[in-house]
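Student: give me coordinates for this.
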Amino acid sequence: MSKKEFMTDSQGRQVPADLVKDIDKKRDETVRRIADEAMKMKSVLLDFKNKIRADIEKFVEMSAAKYGLKWGGKKGNITLTSYDGQFKLVVAMNDNITFDERLQVARGLIDKCIKKWSSGARQEIRVLVNDAFQVDKQGKISTARVLGLRRLDITDTDWQKAMTAITESVQITGTKQYLRVYERDANGEYQNIPLDVAAL
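Tutor: You can find the predicted model right below:
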């Protein structure tokens, strides 16, 4: 029996093709055809993204040169709009933020505060704190919620120490660039032009 007469199953086992049901073969064929088309589209979108980035950087460099400046270094956020305002391009730089061990120190100090205030503490503060430190399905803590605790106007010394610990625990592990294209609708609001299949 030649190699072509075998199919590999999800466990990595070689199964004789004549033992595989026709419906399973058709499913495999359908999934592989669509996945192949998706991989080709991914390549097209990657080329498109790289071209957009190059075009925007070229334009910004040209604009900066008119003022005697050389555009370089860490790129910031950029917004470009068509002359009639119909289209808008946004280049956004987002830092990937994580917390080091000092976040747990902050949690300990906050718990200390809540115990200390237990007789007169508002329940809302406890809810806010518990919500901030909850992890998602990937086991990650929401940076926005944790950093949002610093906006609470609480003067307690332990709370202030906790907020300092949170600030000092922030680690920037990288920066990601996002490219978005918007079109203005009939109401004058800019709507993102979706390039994600799920959003179409």
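Student: helices of the chain, start to end?
Tutor: 22-65, 102-117, 123-132, 143-148, 157-169 (DSSP state H).
Student: which one of the ones you listed lies closest to Trp71?
Tutor: Closest to Trp71 of those, according to Cβ to Cβ: helix 22-65, at 4.2 Å. Heads up, the C-betas are built off the backbone N, CA and C, glycines and all.
Student: show me the domain layout of the protein.
Tutor: By the assignment in automatic domain parsing, the chain contains the domains 1-73, 75-200.
Student: wait, what's in contact with Val170?
Tutor: Contacts for Val170 were tallied using Cβ atoms under 8 Å, 6 or more residues apart in numbering; they are Ile97, Thr98, Phe99, Thr143, Leu147.
Student: any idea how far it is from Leu103?
Tutor: Shown here: Val170 relative to Leu103, a distance of 9 Å by Cβ to Cβ, to the nearest Å.
Student: quick one on the thing from earlier: can you redo the helices of the chain as JSON lines with mean pLDDT, distance to Phe6 and mean neighbour count?
Tutor: Output for the helices of the chain, formatted as JSON lines (pLDDT from 0 to 100; distance: least, Cβ to Cβ, whole Å; neighbours: other Cβ atoms under 10 Å):
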{"stretch": "helix 22-65", "mean pLDDT": "92", "distance to Phe6": "12", "mean neighbour count": "11"}
{"stretch": "helix 102-117", "mean pLDDT": "88", "distance to Phe6": "51", "mean neighbour count": "17"}
{"stretch": "helix 123-132", "mean pLDDT": "79", "distance to Phe6": "53", "mean neighbour count": "14"}
{"stretch": "helix 143-148", "mean pLDDT": "89", "distance to Phe6": "48", "mean neighbour count": "15"}
{"stretch": "helix 157-169", "mean pLDDT": "93", "distance to Phe6": "53", "mean neighbour count": "17"}
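Student: what are the buried residues along stretch 169-188?
Tutor: Ser169, Val170, Leu179, Tyr182, Arg184 (16 or more other Cβ atoms under 10 Å).
Student: would you agree Arg150 is in contact with Thr167?
Tutor: Yes - between Arg150 and Thr167 there is a contact at 7.0 Å, judged by Cβ atoms under 8 Å.
Student: keep only those of the buried residues of stretch 169-188 that are in strands.
Tutor: Val170, Leu179, Tyr182, Arg184 (DSSP state E).
Student: distance check, the last one against Ile56.
Tutor: By that I understand Arg184. With Cβ to Cβ as the criterion, Arg184 and Ile56 are 19 Å apart.
Student: Thr173 touches Asp100, doesn't it?
Tutor: No - contact criterion Cβ under 8 Å: Thr173 and Asp100 do not qualify, at 10.6 Å.
Student: neighbours of Phe87, how many?
Tutor: By the criterion of other Cβ atoms under 10 Å, Phe87 has 15 neighbours.
Student: run through the residues that contact it.
Tutor: Phe87 makes contacts with Thr81, Val181, Tyr182, Glu183, Arg184, as judged by Cβ under 8 Å, 6+ apart.
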